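1. Sequence first, then the predicted structure:
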Amino acid sequence: MVTAIIKPFVLEDVKGALEQLGVLGMTVSEVQGYGRQKGHTEVYRGAEYSVDFVPKVRVEVVTDDPTAEKVLDAIAETARTGKIGDGKVWVTPIETVVRVRTGERGTDAL
Amino acid sequence: MAGAGPVPPTPPDDPATDLLRARAALLAPAPGGRRLAPAALRAALVDLHDLWLATRATAAGVERGSALVAIGSLGRRELAPYSVPDLLLVHDGTLPGPHGIHGVAAALGTPLRAVCTVGEAVEASLVDLPTALDLLDARLVAGDAELVDRLVGTARRAWRAGAATRAVDLVEATHARWRRAGDVAHRVEPDLVAGRGGLRDLTLLDALATAGAADRVPPEVRAARGVLLDLRTDLHRHAGRARDVLRVEDLPDLAAPHDLLRALGGAGRAVAATTGSALRALRPPSRDTAPGPPPADLGLGVVVHAGEVTLARRASVARDPVLVLRLAAAAARTGRPMAPSALRRLADAAPELRAPWPDAARTALLALLGAGDGLVEVVEALDRAGLWGRLLPEWGAVRDLPPGRPRHVWTVGRHLLEVTRRAAALADRVARPDLLLLTALVHGLGQGRDEDPAVVGATLAGQVGRRLGLAADDVGVLTAAVRHQDLLLRTAHRGDPEEPGTVRRVLAALDGDPLLLELLHALAEAEARGTGPGVWTPWRARLLGDLVARCRPAVRGGAVTRR
């Protein structure tokens, strides 16, 4: 499974890039967090306010092993703006998968 | 219920296989794809179950001294395809057949709700409201008819005698159910049985009529029963299981979605209104008036009388076109219902409001829109009386319109009211709360057409603004706010807020107008809150807030500094 934490506004581009790879399914969640950018403070009209958690999008794609690396590369390239807070992508193994509707298992369920 | 309690069927082999096979045959399409009409299917299902259950019960020894009794939907002869028959085994102390109640349960292959004597059943009905209502529908299936006559007669007499003292419990239980299941008329995914305006309300109305506590059911409610039962029958048939909540994905398979929701909306509104009136009439007067202010003259032809907001005796119904708005605003503000007689008088005799509206009409409308929680019920009541459509003719196109977007809980018309209700709570965040309320009310009027809803909506908003007599500048703001209603959220989701170009694009669309920015920010929150639970999240608030915070100083010539 490929999991990515990315900036919300790159989601549409990431979706498009994955469609190009033939990946048509994904799970998307709204999340908040921070990495190296940490919480920062901003000053608006003389008042200082802190931005502890930044809105991000979490994308999860379950795919077979040969495709996983391509998905990872596609997400990393598409989500890159070059600015701090672009996010992370990682791959984790999955024991097995079942398609609920049909009961198919393993790669047949992907 | 008292007595021996629920008795499960004893499996070894399922004795109901032939019943299930016969039901499947009724549900299967005939050659050529023709299927039984919903009412014919229900009648056939009731006959099938009656015959099958009677045959089995008789064979198991249910005869003199005991009886198999149908309650619930089978008792009312309203059985839907996958409803489980609700059954009682009533006896006079004599156990039926050689194997007693377990023999009967095994023969029927379906759990018995209870095994009890007439006395035990009636005693249970005195302490348990659902049991009391169930027994009103009791009907003999097999066995001792005299015993069932006694059960029905005693249960009905007990209900009539005790209904008045159980009014408070009945009202509270009904309101709790409505809160849980929502409105049949306005939910995109209505609960046809438990929802407000659904089949359980019809059962309640029948029970109140039995007790002499409600008038005879009016014709539109009789028609509504058919609509709800037919849709439930079709839904069971389509889903292949007992399911009473209509889902968005079912709509296109059952009928044209807007036609279906329009029919359901009409039925749900009729049932909900009649049930609401019946329950209000049921409440002891002291309970209704105690918490609120005493009956009072609210001024300008509107008074509170017997817990309802109504017209003063001297009100000039035929000469005062603003009276309807003042009545509605007073009702929304005080949280009291409008008297049906007042609405009928206004529907019959009130003159049309000519465009442009006078200041007094606009003020009363804004008071209504800004009333908060009281708004929705009042507008629904105006709409049922045919008065809301006169004030806002554009409403007809969105009244029962299914939303074109996911996550919406309400039909479009109700959604607009829910958004307006939420906007009222945000009024102190904007310099022009009047424009926020009006934008909230009209922002979705362009839905349901082939063109871009925001473009159509902007045209309609301009039309409404001019009719209401807004100043030209205000009409411009209203039009632009509707035209750009999605701008902030769309940009926040798809634009890099750190790119100066993103802020520039927002400001260019809004012509640098700080009022528009403020209105759209508040509208976005009200819109999300009025869409459904979980749509307005801290995540979304932060995303949007960040974009607005970056736009604000640029509108006013300042700049955000970051460190």
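-> Happy to help now that I have it.

2. Which parts of chain A are strands?
-> For chain A, the strands defined by DSSP state E cover A:2-6, A:27-33, A:40-44, A:47-51, A:54-61, A:87-91.

3. Looking at the ones you listed, which is nearest to B:Ala213?
-> Of all the strands of chain A, it is strand A:27-33 that lies closest to B:Ala213, at 49.8 Å by CB to CB. Yep, even glycine has a C-beta here, placed from its N, CA and C like the rest.

4. ok, how many other residues are close to B:Gly476?
-> Neighbour count for B:Gly476, taken as other CB atoms under 10 Å in any protein chain shown: 16.

5. host element of it?
-> Remark: B:Gly476 resides in helix B:472-483, with elements defined by DSSP states H and E.

6. Off-centre distance for the helix or strand following that helix?
-> Note on helix B:472-483: by DSSP H and E, the next helix or strand toward the C-terminus is helix B:487-494. Put simply, helix B:487-494 sits 32 Å off its chain's centre (CA atoms, centre = their mean, to the nearest Å).

7. Tell me where the model's unsure across chain A.
-> Low-confidence segments of chain A (pLDDT under 70): A:36-51.

8. and the gap between the residue of the stretch 301-450 of chain B at minimum distance from chain A and B:Glu418?
-> With CB to the nearest CB, the shortest gap between the stretch 301-450 of chain B and chain A falls at B:Arg407, namely 12.4 Å. Distance from B:Arg407 to B:Glu418, counting by CB to CB, to the nearest Å: 13 Å.

9. Next: B:Pro98.
-> 61 Å.

10. Kindly report the same for B:Leu235.
-> For B:Leu235, the distance to B:Glu418 - CB to CB - is 25 Å.

11. Repeat that for B:Ala339.
-> With distances taken as CB to CB, B:Ala339 is found 25 Å from B:Glu418.

12. Name whatever forms a beta bridge with B:Val90.
-> B:Ala67, B:Cys116 (DSSP bridges).

13. pretty sure it contacts B:Val118?
-> Yes. In this structure, B:Val90 is within contact of B:Val118 by CB atoms under 8 Å, at 6.2 Å.

14. Overlap in contacts, the two.
-> B:147, B:151 (CB atoms under 8 Å, 6 or more residues apart in numbering or on different chains).

15. out of B:Arg407 and B:Glu418, which sits in the busier spot?
-> The neighbour comparison of B:Arg407 against B:Glu418 (other CB under 10 Å) goes to B:Glu418, with 23 against 12.

16. My read is that the more buried one contacts B:Val376, right?
-> Yes. Taking contacts as CB under 8 Å, B:Glu418 lies within contact range of B:Val376: 6.9 Å.

17. Could you list every helix and strand in contact with whatever helix or strand B:Val221 lives in?
-> Assigned by DSSP H and E, B:Val221 belongs to helix B:219-239. Contacts defined by 3 or more CB pairs under 8 Å, 6 or more residues apart in numbering or on different chains; DSSP states H and E place helix B:219-239 against helix B:38-59, helix B:199-210, helix B:251-254, helix B:257-282.

18. The ones you listed: which one's closest to chain A?
-> helix B:251-254 (17.1 Å).

19. what's around residue 68, how many residues?
-> By default, I'm working from chain A. A:Ala68, neighbours per other CB under 10 Å, totals 18.

20. switch to chain B, that's the one I care about
-> Count around B:Leu68 with other CB under 10 Å applied: 26.

21. The one 5 residues further on now?
-> When neighbours are defined as other CB under 10 Å, B:Ser73 has 23 of them.

22. State the distance from it to chain A.
-> Using CB to the nearest CB, to the nearest Å, B:Ser73 is found at 31 Å from chain A.

23. all helices for the stretch 101-250 of chain B, in order.
-> B:118-127, B:129-136, B:145-162, B:167-181, B:199-210, B:219-239 (DSSP state H, counting those that start in this stretch).
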